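Undergrad: Model the following, please.
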Amino acid sequence: MIQRLFIRNYALIDSLEIDFRPGFTVLTGETGAGKSIILGALSLILGQRADSKAIKDAAQKTVIEGTFDVSAYEMRSFFEENDLDYEPSGICILRRELSPAGKSRAFVNDTPVSLTVLKELGEQLIDIHSQHQNLLLGDNRFQLRMIDIWAGDESLLSQYRTEYKRYCDLRDSLDRLRRASEENRKEEDYLRFQYDQLCEARLQPGEQSLLEDEQEMLTHAGEIKNALYSVAQYLGGDEGGALLQMKECQSVLRSLLRIYSAVEPLSERIESAYIEMKDILGEIENRQETVSVDPIRLQEVESRLDLIYGLQQKHHVSTIDELLSLQADLQQRLEAIDHSDEQITELQRKLSEQEKSLHTLAERLSAARHEASVGFTEKLIERARPLGMPHLRFEVEWKSKEGFDADGTESVRYLFSANKNRPMESVADIASGGEISRLMLTIKSLAADAAALPTIIFDEIDTGVSGEIADKMGEIMAGMAHYMQVVAITHLPQVASRGEYHYRIYKNDEGETTQTCIEPLDDTRRAEEIARMLSGTQLTEAALKNARELLNRK
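TA: Prediction:
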């Protein structure tokens, strides 16, 4: 349940704080006092989109913070799944911050979260029922959801939806495989031609660079041989070659050793250089032998490179590795074509088995819903008739759908008639605004009996009713407060008088600014507020007497 709501710098609010308690709380105030502003702020910490225009002072950020006690509800798993701190006390603090620059941040127990997570958590904490939500009564999925809540077997619906997802995954996989198989078969001849062409090329990793090096060498073989021959002559020629001259240098230095030992290191260095140069000469002579002018081999290399370049150009790639990767992909596609019939048959078998399993679950789900709808109908009629609909008839109509969807194999429609002489028709078609408000309140009260939602907020759900009917609606809300926390924003004194706690929302004009404020009412102030609701702005003794009677009859 919500314990505290704090709002700062939002719309007409500088700073406002409300403390909530268990049971039934009512909020009243004149039209335009700011009740919708408070509700709008609350919706922000429940994950609704923010509008930077709602920031009161553009120089400061807006902060909305709600403190909740979730200790009585199984919510630890949600916190663990979303990496949120779960306080042992069960206290959960939701905070939303809006910056003047238009940025929005959300927090759960001081941990930053996405709006999606905030909304998922908010949906488990509070149900805000506003006037426009009465339109949901004509929505078939909402109607079905209410019966599921009344049935109370979430595990069966969850199991069905898990199996339905598996069914959809298998069905989609089969569709994709069939489409791929059909497309591949259209291209099979061309794919096989491409694959065979690549296989026949017998491409090898690294082959291209080796061939390109060899081509360069063969193209310039004569030039290379001549250059190597010249270097060999410079090094080892019989007449003035570098090796011969180094040998003579070494001989001269050795002859000096006897009289000038300082040249010994120089002699050793020349010896080392001589050995290295002789080795180089050997390498050059070997290279001379390996380089040959071979027009036939050059033609073979160029022909092979032309084949490789042609394949690369054809397939829009630049390396042999990419061609080999393409060859592997083609092989995989051809194997898939060869085995596609087997794969399709296997998927069809699995889909058929899943469909049987899903059908069994759908039958169980339908049976549970049909059974629940009987009690749901009886209770709804019992609670709604005292709300000014003594001749109410209500029925849940089931209709089979073709195939499966996430909700099962049947759709539902609420049939309704408030008069003896009128046939039952769809609620959405014939119920008046006031009747829809009363029906919706009744349905919400049934849901409160069955579900464990901590808090429900009614935003002027009693619009369009008055007198005894309004009193009965207030009685229903008060009854709901035995199972959950109920907050009602109302203009009706009959509803307001049923509350255990009463807050008045009002506007306060200070100079050129207007502020939305809130105050808790004690017994005396409460009687005065309800008297004003009964008689208007003029506070009369008769109205006060009526107000006290309303308050004392509980």
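
Undergrad: which stretches of the stretch 51-200 of the chain have low pLDDT?
TA: Within the stretch 51-200 of the chain, the ranges that satisfy pLDDT under 70 run 132-133.

Undergrad: likewise the stretch 351-500 of the chain?
TA: 452.

Undergrad: Sort out which residues of the helix or strand hosting residue 3 are buried, please.
TA: Residue 3 is located in strand 2-10, with elements delineated by DSSP states H and E. Neighbour-count burial for strand 2-10 flags 2-3, 5-10 (criterion: 16 or more other CB atoms under 10 Å). In short, each C-beta sits where N, CA and C put it, glycine included.

Undergrad: what's the answer for stretch 315-335, then?
TA: Buried, per 16+ other CB under 10 Å, within stretch 315-335: 320, 323-324, 326-327, 330, 333-334.

Undergrad: Next, the spatially closest residue to residue 498 that is not a sequence neighbour: phi, psi?
TA: Leaving aside its sequence neighbours, residue 498 sits nearest to residue 474 (CB to CB, 6 or more residues apart in numbering; 3.7 Å). Per-residue torsions, residue 474: phi -60, psi -40 (degrees, to the nearest 10).

Undergrad: what secondary structure does residue 73 sit in?
TA: Following DSSP: H, G, I helix; E, B strand; the rest coil, the label given to residue 73 is coil.

Undergrad: returning to what we had before: quick check, the residue nearest to residue 498 in contact with residue 494.
TA: Yes. Taking contacts as CB atoms under 8 Å, residue 474 lies within contact range of residue 494: 5.2 Å.

Undergrad: what about the helices in the stretch 101-250 of the chain?
TA: Using DSSP state H, counting those that start in this stretch, the helices of the stretch 101-250 of the chain run over 115-125, 140-151, 154-201, 207-219, 221-236, 242-256.

Undergrad: Serialize the ones you listed to JSON lines and add fields for distance to residue 468 and mean neighbour count.
TA: What follows is the helices of the stretch 101-250 of the chain, written out as JSON lines (distance: least, CB to CB, whole Å; neighbours: other CB atoms under 10 Å):
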{"stretch": "helix 115-125", "distance to residue 468": "34", "mean neighbour count": "18"}
{"stretch": "helix 140-151", "distance to residue 468": "26", "mean neighbour count": "20"}
{"stretch": "helix 154-201", "distance to residue 468": "37", "mean neighbour count": "14"}
{"stretch": "helix 207-219", "distance to residue 468": "94", "mean neighbour count": "15"}
{"stretch": "helix 221-236", "distance to residue 468": "114", "mean neighbour count": "15"}
{"stretch": "helix 242-256", "distance to residue 468": "125", "mean neighbour count": "14"}
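
Undergrad: quick one: which of these is nearest residue 290?
TA: Nearest to residue 290, of all those, is helix 207-219, at 9.1 Å by CB to CB.

Undergrad: can you list contacts of the closest one?
TA: 224, 291, 293-294, 297-298, 301-302, 304-305, 308, 319-320 (CB atoms under 8 Å, 6 or more residues apart in numbering).

Undergrad: just checking, what packs against the longest helix anywhere in the chain?
TA: Ranked by residue count under DSSP state H, the longest helix found in the chain is helix 320-384. Packing contacts for helix 320-384, counted by 3 or more CB pairs under 8 Å, 6 or more residues apart in numbering; DSSP states H and E, involve helix 140-151, helix 154-201, helix 295-315, strand 393-405, strand 408-417, helix 433-450.

Undergrad: between the longest one and helix 140-151, how many degrees?
TA: Between helix 154-201 and helix 140-151, the angle comes out at 120 degrees (axes from the mean of the first three to the mean of the last three CA atoms, to 10 degrees).

Undergrad: For residue 100, which non-adjacent residue is closest in space?
TA: Residue nearest to residue 100 in three dimensions, not counting chain neighbours: residue 58, with 4.7 Å by CB to CB, 6+ apart.

Undergrad: number of nearby residues for the one you found?
TA: By other CB atoms under 10 Å, 12 other residues sit near residue 58.

Undergrad: Convert stretch 232-252 to PDB, retaining C-alpha atoms only.
TA: Extracted in PDB, the C-alpha atoms of stretch 232-252 (Å, rounded to 0.1, in the frame of the first residue of the first chain):
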ATOM      1  CA  ALA A 232      78.000 -11.900 -57.300                       C
ATOM      2  CA  GLN A 233      80.800 -10.600 -59.400                       C
ATOM      3  CA  TYR A 234      81.200  -7.500 -57.200                       C
ATOM      4  CA  LEU A 235      81.500  -9.800 -54.200                       C
ATOM      5  CA  GLY A 236      83.400 -12.800 -55.400                       C
ATOM      6  CA  GLY A 237      85.000 -11.900 -58.800                       C
ATOM      7  CA  ASP A 238      88.500 -13.200 -59.400                       C
ATOM      8  CA  GLU A 239      89.700  -9.700 -60.300                       C
ATOM      9  CA  GLY A 240      89.100  -7.100 -57.600                       C
ATOM     10  CA  GLY A 241      86.100  -8.800 -56.000                       C
ATOM     11  CA  ALA A 242      85.200  -7.600 -52.500                       C
ATOM     12  CA  LEU A 243      86.000 -10.900 -50.900                       C
ATOM     13  CA  LEU A 244      89.500 -11.000 -52.400                       C
ATOM     14  CA  GLN A 245      90.200  -7.500 -51.300                       C
ATOM     15  CA  MET A 246      89.000  -8.200 -47.700                       C
ATOM     16  CA  LYS A 247      91.300 -11.300 -47.700                       C
ATOM     17  CA  GLU A 248      94.200  -9.100 -48.600                       C
ATOM     18  CA  CYS A 249      93.300  -6.500 -45.900                       C
ATOM     19  CA  GLN A 250      93.200  -9.300 -43.300                       C
ATOM     20  CA  SER A 251      96.600 -10.500 -44.400                       C
ATOM     21  CA  VAL A 252      98.100  -7.000 -44.000                       C
END
